[in-house]
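**Q** Have a look at this prediction, sequence included:
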Amino acid sequence: MMNRRVVVTGLGMITPLGIGVEKTWEAICRGESGIGNITRFDASDFPTKIAGEVKDFNPSDYIDKKEIKKMDTFIHYALAGAIMAVDDSGLKITDENADMVGVLVGAGLGGLPSIEKYYDIYLKEGVRRISPFFIPMLIANLASGQISIRFGAKGPNSCVVTACATGTNAIGDAYKIIQRGDADVMIAGGTESVITPLGIGGFCAARALSTRNDEPKRASRPFDKNRDGFVMGEGSGILILEEMESALKREAKIYCEVVGYGMSADAFHITSPPPGGEGAVRCMKMALKSGGISPTEVDYINAHATSTFADSLETQAIKTVFNEHAYKLSVSSTKSMTGHLLGAAGGVEAIFSILAIERGTIPPTINYETKDPECDLDYVPNTARKSDVNVAMSNSFGFGGTNATVIFKKYKG
């Protein structure tokens, strides 16, 4: 079995904090929040009236105008993020290498806006008014499909749908595809756009969302004692993963190396983690083992922490895995600034972890004001921290009890 080294050579992202990696990262380092009042629809009758909406995004900057109407917004975000990442990597996809370049981009819920739109059209105007592009607009694998078509990438083409673990699973699975020799390059990550009446309404019905409507920018507060639910976000996070020798041959910039991947199932409950975060424990341990990484080597964890009760369970899981080292490493939740991007979260948070390594800055957990006795680690409260990060771990845990962890390491040749 092949066990090739895999590096990251390109990054692209769209978030509530900005269009592009640099704008988002600068805002993250300033500790800014991208949360505000919902403008996509009238949320006045909803228990939650706030979300992390993407602002100032024009799909025509990235996609031919006649193609835009054939795609749901989550595909727009995925394509734009992929274009940014490919440009950043300097990758040229040609007839010679196309069959060794693949795409693996996932979405947690897919084209919910299109489903709502065309169901309304059907009720008002009948079946003949449904667009012939309706199904390709909404199915989750069309993010990968459209990226593949755009670039002529003819290698492995797939999609992960694992709720909030989607983006991390996509990156981890793409890493394994390259590691075993089935591709030399993978365009991988997550995308999501479900700030809609049904999207917000469904999570409201589950009592999962914050109702701190009078203070949108202070609503997402992972690990804080007064957290009251997550805040919905949207966007995409796309990475270029590449076999190391391929990257060196074309003299690509190397951000870091991918060195570990773990996944597990809670087998416990459709939405709640088990006591002690037992599934997360196994997931993190698997990622460490797969990369031959000692727990004491990890400097930073970008936590899944969503600003719900489960933040304390992730804290317990980290303490179980890392023992005394848990109190020496830095843990932060960038969801405090972006909100929870669901299927896109793992892609976006992987990029934050990679930049923490590359730029020596650990993102903060903002809105951390009141200590929870059950959350007693170093959460990098409120202010970004300059620090040498050699190894970073990114966690994502989803509904259905699906867990994913990926580990990045400073590239040293």
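**A** Alright, I've got the coordinates.
**Q** What is the neighbour count of the residue lying closest to Pro273 once chain neighbours are set aside?
**A** Counting by CB to CB, 6 or more residues apart in numbering, Leu313 is the residue found nearest to Pro273 once chain neighbours are left out, at 4.9 Å. Where you see a C-beta, it was placed from the backbone N, CA and C, and this is true even at glycine. Leu313 has 25 neighbours, counted by other CB atoms under 10 Å.
**Q** Can you give me the domain boundaries for the protein?
**A** As assigned by automatic domain parsing, the chain contains the domains 6-249, 260-409.
**Q** Quick check: end-to-end length of the shortest one?
**A** Which is domain 260-409. End-to-end distance for domain 260-409, by CA to CA, to the nearest Å: 9 Å.
**Q** next one: that domain to chain centre, how far?
**A** 13 Å (CA atoms, centre = their mean, to the nearest Å).
**Q** for stretch 95-113, same thing?
**A** Mean-position distance between stretch 95-113 and its chain equals 15 Å (CA atoms, centre = their mean).
**Q** which parts of it are buried?
**A** Using 16 or more other CB atoms under 10 Å as the test for burial, stretch 95-113 gives 97, 100-113.
**Q** cool, stretch 137-151 as well?
**A** Neighbour-count burial for stretch 137-151 flags 137-148, 150-151 (criterion: 16+ other CB under 10 Å).
**Q** what about the closest residue to Ala303 other than its chain neighbours, neighbour count?
**A** The shortest distance from Ala303 to any non-neighbouring residue, by CB to CB, 6+ apart, is to Ser333 (4.8 Å). Each residue near Ser333 was counted by other CB under 10 Å, and the total is 31.
**Q** isn't Ser333 right up against Leu377?
**A** No - here Ser333 does not reach Leu377: they are 11.2 Å apart, not a contact under CB atoms under 8 Å.
**Q** what residues are shared contacts of those two?
**A** Taking CB atoms under 8 Å, 6 or more residues apart in numbering as the contact rule, the neighbours common to Ser333 and Leu377 are Phe223.
**Q** what about this protein, any weak spots by pLDDT?
**A** Applying pLDDT under 70 to the chain flags residues 1.
**Q** which residues of it fall in helices?
**A** Assigned by DSSP state H, the chain shows helices spanning 21-29, 65-68, 73-89, 112-125, 134-138, 142-151, 166-179, 197-205, 244-249, 278-291, 311-322, 335-338, 345-359.
**Q** how about the spatially closest residue to Gly110 that is not a sequence neighbour, what does it touch?
**A** Sequence neighbours aside, Ala140 is the residue nearest to Gly110 in space, at 4.1 Å (criterion: CB to CB, 6+ apart). Counting by CB under 8 Å, 6+ apart, Ala140 makes contact with 106-107, 109-111, 159, 161, 343.
**Q** Okay, Ala140 and Val21: tell me how far apart.
**A** Distance from Ala140 to Val21, counting by CB to CB, to the nearest Å: 24 Å.
**Q** Also Cys375?
**A** Per CB to CB, Cys375 is found 29 Å from Val21.
**Q** who has more neighbours, these two?
**A** Higher neighbour count among Cys375 and Val21: Val21, with 24 against 21, using other CB under 10 Å.
**Q** who are the neighbours in contact with the more buried one?
**A** By CB under 8 Å, 6+ apart, the contact list for Val21 reads 11-13, 84, 88, 351, 355.
**Q** before we move on, the earlier item: export the contacts of Ala140 to TSV and tack on distance to Val389?
**A** Output for the contacts of Ala140, formatted as TSV (distance: CB to CB, whole Å):
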residue	distance to Val389
Gly106	26
Ala107	29
Leu109	32
Gly110	34
Gly111	37
Cys159	31
Val161	31
Gly343	26
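**Q** can you tell me which of those residues are in strands?
**A** Among these, DSSP state E puts 106-107 in strands.
**Q** Among the contacts of Ala140, which one sits closest to Thr48?
**A** Leu109 (16.6 Å; CB to CB).
**Q** My guess is that closest one contacts Gly398. True?
**A** No - using CB under 8 Å, Leu109 makes no contact with Gly398, being 11.4 Å away.
**Q** quick one: Ser220 and Asp228 touch, right?
**A** No - using CB under 8 Å, Ser220 is not in contact with Asp228; the gap is 10.0 Å.
**Q** No further questions, thank you.
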